[in-house]
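Peer 1: kindly generate the corresponding structure for this input.
(one chain, ligands or ions: 1)
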Amino acid sequence: MDDDRLDLLGMTRGAAIAAARARLVRGAGLAPAIHRMAHREGRFEPERVGASDASAAAWRARFRVGSAVLVRTLEEPDPVRTTRTAKAVLGSADGLEYETVRIPIGEHRESQCVSSQIGCAMGCRFCETALLGKRRDLSPAEIVGQVVLARRELGWQARRIVFQGMGEPLDALDAVATAIAVLGDSHGLGFAQDDFTLCTAGHVDGLRRLAGLALPRVNLSLSLNVADDERRAAIMPIARRWSLAELQAALVALRPRRNWQLGIHVCLMPGINDRRADAEAIAAFCLPLGRVMVHLIPYNPGSAALTRPPDEAELVRYVGWLREAGLPVRRRITKGRSVMAACGQLGNRALRRAGARGFPGQDLNLN
Ligand code: SF4
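Peer 2: Here you go, the predicted structure:
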């Protein structure tokens with residue numbers, strides 16, 4: 001049976017009030033309180049904010065709060081930190097799975113990596129998600145729901161949201177932009193625009209559309225990896241659709257504010273992009289882009305490994321070449337590799353097997 005209830009997690013307070021007025025004969029005045037409870041507590045209990053039995057029943061017939069179930073979580077062992085890298089696998093109402101990851105930043109802060117799609121169509125060869133293909137975009141409510149459910153069920157408290165989970169966020173830009181507006185609603189979780197980072201493989205149409213949206217303070221990172229069209233296309237099929245020149249032009253045109261800094265992700269893959277000439281080509285690509293920060297990420301092998309992870313000496317040498325070429329560089333410490341939660345590892349074999357089986361129910365198995 002089709003579920004035509006509206007999910008409050010996909011709505012700002014204003015949208016929830018308008019929808020309640022349009023769909024309910026009585027009890028629409030409770031919309032602000034019900035919306036607030038939905039977003040801040042992840043609960044849908046109209047009675048707690050004064051709804052009569054009849055009004056609560058009408059709310060439940062027309063609205064819902066979230067549709068995902070927590071299937072399992074995996075936490076990376078860490079003897080030192082109390083806040084650990086963890087991955088949560090969520091089950092959708094149509095029987096698919098998607099993932100979200102908590103990443104500790106220091107001892108007391110954390111960011112949450114969220115998915116924008118189930119699977120991904122971009123086909124990056126170093127990425128586990130690519131093996132799933134694209135099943136579908138997530139809805140705004142499913143994106144917001146990753147944050148709300150993780151807070152409610154797992155106690156995650158991220159204050160930064162990174163769209164670097166499953167999917168290419170600029171390929172699902174309508175849902176992503178709505179989710180950012182909803183998560184930014186001060187009556188809900190109240191994230192600021194600069195609390196968000198979109199990570200793209202170089203979706204040029206999406207970059208052009210992004211330029212027209214009112215998101216000037218949202219951060220952007222480009223997964224560049226190789227700055228040579230032919231060699232980039234060999235590991236990132238998106239490079240066959242848009243050349244580096246087109247990508248560079250779109251980024252130059254996008255620059256939303258004067259002090260804007262673009263993140264450049266380079267996943268270091270021994271034997272693939274680890275030569276001095278590769279570092280110099282990255283620098284040449286970045287030169288016209290203004291302020292950039294290169295994040296050097298050690299390759300994390302998935303189930304179909306392209307190569308091995310780089311060793312410490314290779315990482316240090318490559319950082320040196322990038323710096324000599326004039327680029328600021330930060331090294332990304334690998335977190336979550338042991339639980340397939342590191343960059344490029346989301347979407348494991350179990351997810352590929354999870355077709356339209358459905359889920360037996362909630363499984364709060366904290367490993
Ligand atoms: S790296 Fe990102 S864009 Fe590329 S296949 Fe994986 S999820 Fe998609």
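Peer 1: need the pLDDT of residue 339.
Peer 2: Note for residue 339: predicted pLDDT of 60.
Peer 1: I misspoke; the intended subject was residue 126.
Peer 2: With respect to pLDDT, residue 126 has a value of 89.
Peer 1: what's the neighbour count on the spatially closest residue to residue 262 that is not a sequence neighbour?
Peer 2: Leaving aside its chain neighbours, residue 262 sits nearest to residue 292 (4.9 Å; criterion: CB to CB, 6 or more residues apart in numbering). Using the backbone N, CA and C atoms, a C-beta is placed for each residue, glycine as well. Residue 292 has 23 neighbouring residues, counting by other CB atoms under 10 Å.
Peer 1: residue ranges with poor pLDDT in this protein?
Peer 2: 1, 79-80, 82, 334-367 (pLDDT under 70).
Peer 1: ok, residue 41 touching residue 152?
Peer 2: Yes: contact criterion CB atoms under 8 Å: residue 41 and residue 152 qualify, at 6.7 Å.
Peer 1: write out the residues of the stretch 1-150 of the chain neighbouring the ligand.
Peer 2: 120, 122, 123, 124, 127, 129, 130 (CB under 6 Å from any ligand atom).
Peer 1: and the two most separated of those residues?
Peer 2: The two members of those with the most space between them (CB to CB) are 123 and 129, at 9.7 Å.
Peer 1: of the two, which one has the most company?
Peer 2: Neighbour count, other CB under 10 Å: between residue 123 and residue 129, residue 129 has more, with 28 against 17.
Peer 1: show me what counts as buried in the lengthiest helix in the chain.
Peer 2: Using DSSP state H, we find that the single longest helix of the chain is helix 312-324. By neighbour count with 16 or more other CB atoms under 10 Å, helix 312-324 contains the buried residues 315, 318, 319, 321, 322.
Peer 1: can you list these in TSV and add distance to the ligand?
Peer 2: Listed next are the buried residues of helix 312-324 as TSV, based on distance: CB to the nearest ligand atom, whole Å:
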residue	distance to the ligand
315	20
318	20
319	22
321	24
322	21
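Peer 1: out of these, which comes closest to residue 176?
Peer 2: For these, the nearest to residue 176 is residue 322 (29.6 Å; CB to CB).
Peer 1: could you tell me which residues of the stretch 151-300 of the chain lie near the ligand?
Peer 2: Residues of the stretch 151-300 of the chain lying near the ligand (CB under 6 Å from any ligand atom): 166, 167, 168, 201, 223.
Peer 1: quick revisit: phi and psi next, for the residue nearest to residue 262.
Peer 2: Main-chain dihedrals, residue 292, degrees, to the nearest 10: phi -130, psi 160.
Peer 1: repeat that for residue 74.
Peer 2: According to degrees, to the nearest 10, residue 74 has phi -130, psi 130.
Peer 1: all strands for the stretch 201-350 of the chain, in order.
Peer 2: Taking DSSP state E, counting those that start in this stretch as the criterion, the stretch 201-350 of the chain carries its strands at 219-223, 262-268, 292-298, 329-331.
Peer 1: direction included, what does the first one pair against?
Peer 2: Meaning strand 219-223. Its sheet considered, strand 219-223 pairs with strand 196-200 (parallel), strand 262-268 (parallel) by DSSP bridges.
Peer 1: just want the angle from the last one to helix 312-324.
Peer 2: Think strand 262-268. Going by axes from the mean of the first three to the mean of the last three CA atoms, to 10 degrees, strand 262-268 is angled at 150 degrees with respect to helix 312-324.
Peer 1: and strand 262-268, how far from the chain's centre?
Peer 2: Centre-to-centre, strand 262-268 and its host chain are 16 Å apart (CA atoms, centre = their mean, to the nearest Å).
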